[in-house]
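Q: Turn this into a model:
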Amino acid sequence: MRSIGAHFITYRATGTVAIGLQWGSNSDLRRGDGAEADLSFPFHCDIQVSLDDPLNMAFSDTNYSVGAQFGLIAFTGAVLGGVGNLLGAVIGGYVIGLVQAFNDGLPYGLGQQWSQSVVFLVLILLLVFRPEGLLGTRTVESV
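A: Residues are numbered from 1 along each chain as shown. A predicted model of the protein is given here:
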């Protein structure tokens, strides 16, 4: 406990996080090919809690599908950029963000209620003309 005031209680947490890293397998280490490193990082964190509302949260309804929309957008970004390509997934995420922002904020957009539909329309149009995504590599199937 650091301090107790009229409206807040302040608590300070301090400590050290220790991390052991290993490059290579155990047999690599025995041969001398691998490497090990032991790192430690000190930290401190001040936590301040209001005495008026200790939990400081607004209760609202929640259900099982809260994260489904974010998962769908992340999947769309990965497909848009090219499945298996990390840089493509990042660029696909940026493209989705820009399409949603332009649709929601600019006067010629369809409006916020159509934002997801516009993103999927862009995805469908891209996959029709470039099925491997933005940065995906074209594969040839041999029979």
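Q: Quick one: residues contacting residue 122.
A: Taking C-beta atoms under 8 Å, 6 or more residues apart in numbering as the contact definition, residue 122 lies against 80, 95, 96, 99. Using the backbone N, CA and C atoms, a C-beta is placed for each residue, glycine as well.
Q: let's see 6 Å
A: Shown in contact with residue 122 (C-beta atoms under 6 Å, 6 or more residues apart in numbering): residue 99.
Q: Tell me which residues of stretch 103-112 come out buried.
A: 103, 109 (16 or more other C-beta atoms under 10 Å).
Q: how about the strands in this protein?
A: 3-4, 8-23, 35-50 (DSSP state E).
Q: how close does the closest residue to residue 35 other than its chain neighbours sit to residue 38?
A: Using C-beta to C-beta, 6 or more residues apart in numbering and skipping the chain neighbours, the partner closest in space to residue 35 is residue 23 (4.6 Å). Distance of residue 23 to residue 38, given as C-beta to C-beta, to the nearest Å: 13 Å.
Q: of those two, who's got more company?
A: Comparing residue 23 with residue 38 by other C-beta atoms under 10 Å, the one with more neighbours is residue 23, at 11 against 8.
Q: Tell me, what's the model's pLDDT at that one?
A: Per-residue pLDDT puts residue 23 at 71.
Q: Am I right that it is in contact with residue 33?
A: No. Taking contacts as C-beta atoms under 6 Å, residue 23 lies outside contact range of residue 33: 9.1 Å.
Q: how about residue 33, phi and psi?
A: In terms of degrees, to the nearest 10, the main-chain angles of residue 33 are phi -80, psi -30.
Q: so how many other residues sit close to it?
A: By other C-beta under 10 Å, 11 other residues sit near residue 33.
Q: Same check on residue 124?
A: Neighbours of residue 124 (other C-beta under 10 Å): 9.
Q: what separates it from residue 27, distance-wise?
A: In terms of C-beta to C-beta, residue 124 sits 50 Å off from residue 27.
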